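A.B. asks: sequence and predicted structure below; questions after.
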Amino acid sequence: MNLLITGANGYVGRYLCPLLIADGHHAITLTRKAWHQPPARNYLWEAGVMPALQGVDLVIHLAALAHQAGPESPETAALYHAVNVEQTRQLASAALAQGVKRFIYLSSIKVNGESTDCSPYRYDTQPQPEDSYGRSKWAAEQVLHELLDGSTTELVIIRPPLIWGGEMKGNLALLQRWVRWRLPLPFGGIHNRRDLVSIDNLCSLIRLVLDHPQAAGQTLLVSDGVTRNTADIVRLVSAAGAVSPLIIPCPAWLFRLFTYLPVVGARLKKLTGNLEVDITPTCERLGWRPLLLDRGAKS
């Protein structure tokens, strides 16, 4: 197929594009900065999306404004909306006009919320995004449904949790730095449950839904199929390095004090809370199974 991949020079795109090309697809990339992945042909957003869509069968929309450092503000919310919502609207409208057969959108589990208590998130859980990024991804999903539902362009939405593997981003990259700096990490006494997805498993699902007939019109949750506590996650993200993590037990009352620290406190809360996703509908509908890629996972 002729595929248009946005954000091909981002974290997911750098892993996905070579796989799709190796599968025999013709890749066309759309990026904000000049970039070239032979034999893909690259276009820039500033030149408009229509030239990039000529002859395209399917769009994989990975491009997004990721989490911005600093506190929430009206300015950052407006920036998220401009990039994650309005540019998605522009691309989907053009794809529909060009007769693109399928539009795959990489959303985020943050559409559902930041944490789970009694039950994991499902594809049909009522969305409750809690920050500007999550709200922008939910708004983009709604725009896509408004434009594409009932049209000739099939919509597939994928909501991943934190993605690990390779050159990680965000909180997982922060954990990697803490391990390299030999900082003692007070996660030994935390018994939380979090789902992550490896870059390999995410790319596996994307490759499958390119033409799977049962993917059309679906919102698909994805993970590695195992839950991990924070200490497991530290071991996971440090496995590729030469430094073993220093994980120490910490009384609950003392750890709560750490969560009030400036800058890192909010990140600690996110890393040590519960966030589980139910991928059973994804697996049953598509016949897909995640590969277990590490031996330290807890079930």
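C.D. replies: In hand now; what should we look at? Numbers count the residues shown, from 1 in each chain.
A.B. asks: helices of the stretch 101-250 of the chain, start to end?
C.D. replies: In the stretch 101-250 of the chain, helices defined by DSSP state H, counting those that start in this stretch lie at 132-148, 170-180, 199-208, 230-238, listed in chain order.
A.B. asks: deepest of the ones you listed, which one?
C.D. replies: Relative to the other members of the helices of the stretch 101-250 of the chain, helix 230-238 carries the highest mean neighbour count by mean count of other C-beta atoms under 10 Å, namely a mean of 22. (Each C-beta comes from the backbone N, C-alpha and C, glycine too.)
A.B. asks: which helices and strands does it pack with?
C.D. replies: The elements that helix 230-238 packs onto, with contact taken as 3 or more C-beta pairs under 8 Å, 6 or more residues apart in numbering; DSSP states H and E, are strand 162-164, helix 170-180, strand 194-198, strand 246-247, helix 264-272.
A.B. asks: please repeat the previous calculation with a cut-off of 6 Å.
C.D. replies: Other helices and strands packing on helix 230-238, by 3 or more C-beta pairs under 6 Å, 6 or more residues apart in numbering; DSSP states H and E, are helix 170-180.
A.B. asks: still on that earlier bit, can you lay out the helices of the stretch 101-250 of the chain as TSV showing mean pLDDT and distance to Q37?
C.D. replies: Shown next, in TSV, are these (pLDDT from 0 to 100; distance: least, C-beta to C-beta, whole Å):
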stretch	mean pLDDT	distance to Q37
helix 132-148	97	25
helix 170-180	85	23
helix 199-208	97	15
helix 230-238	88	26
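A.B. asks: adding distance to V264, write the ones you listed out as CSV.
C.D. replies: Putting the helices of the stretch 101-250 of the chain into CSV (distance: least, C-beta to C-beta, whole Å) gives the following:
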stretch, distance to V264
helix 132-148, 19
helix 170-180, 8
helix 199-208, 25
helix 230-238, 14
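A.B. asks: looking at these, which is nearest to G188?
C.D. replies: Of all these, it is helix 230-238 that lies closest to G188, at 6.0 Å by C-beta to C-beta.
A.B. asks: what's the angle between that closest one and strand 194-198?
C.D. replies: Here helix 230-238 points in a direction 10 degrees away from that of strand 194-198 (axes from the mean of the first three to the mean of the last three C-alpha atoms, to 10 degrees).
A.B. asks: then helix 230-238 to CSV, C-alphas only?
C.D. replies: Taking only C-alpha atoms (Å, rounded to 0.1, in the frame of the first residue of the first chain), the coordinates of helix 230-238 have been written out as CSV:
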residue,chain,number,x,y,z
THR,A,230,7.2,0.7,39.8
ALA,A,231,10.3,-1.3,40.8
ASP,A,232,9.6,-3.7,37.9
ILE,A,233,9.4,-0.7,35.6
VAL,A,234,12.8,0.7,36.9
ARG,A,235,14.4,-2.7,36.2
LEU,A,236,12.8,-2.8,32.8
VAL,A,237,14.0,0.6,31.6
SER,A,238,17.5,0.1,33.0
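A.B. asks: that one versus helix 170-180: what angle between them?
C.D. replies: With the same axes, to 10 degrees defining the directions, helix 230-238 sits at 80 degrees from helix 170-180.
A.B. asks: with just CA atoms, put the helix or strand containing E75 into CSV.
C.D. replies: Secondary structure here is read from DSSP states H and E; on that basis E75 sits in helix 74-80. Written as CSV, here are the backbone C-alpha positions of helix 74-80 (Å, rounded to 0.1, in the frame of the first residue of the first chain):
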residue,chain,number,x,y,z
PRO,A,74,-4.2,28.7,28.9
GLU,A,75,-1.3,29.1,26.5
THR,A,76,-0.2,25.5,26.6
ALA,A,77,-3.8,24.3,26.3
ALA,A,78,-4.2,26.5,23.2
LEU,A,79,-1.0,25.1,21.8
TYR,A,80,-2.1,21.5,22.4
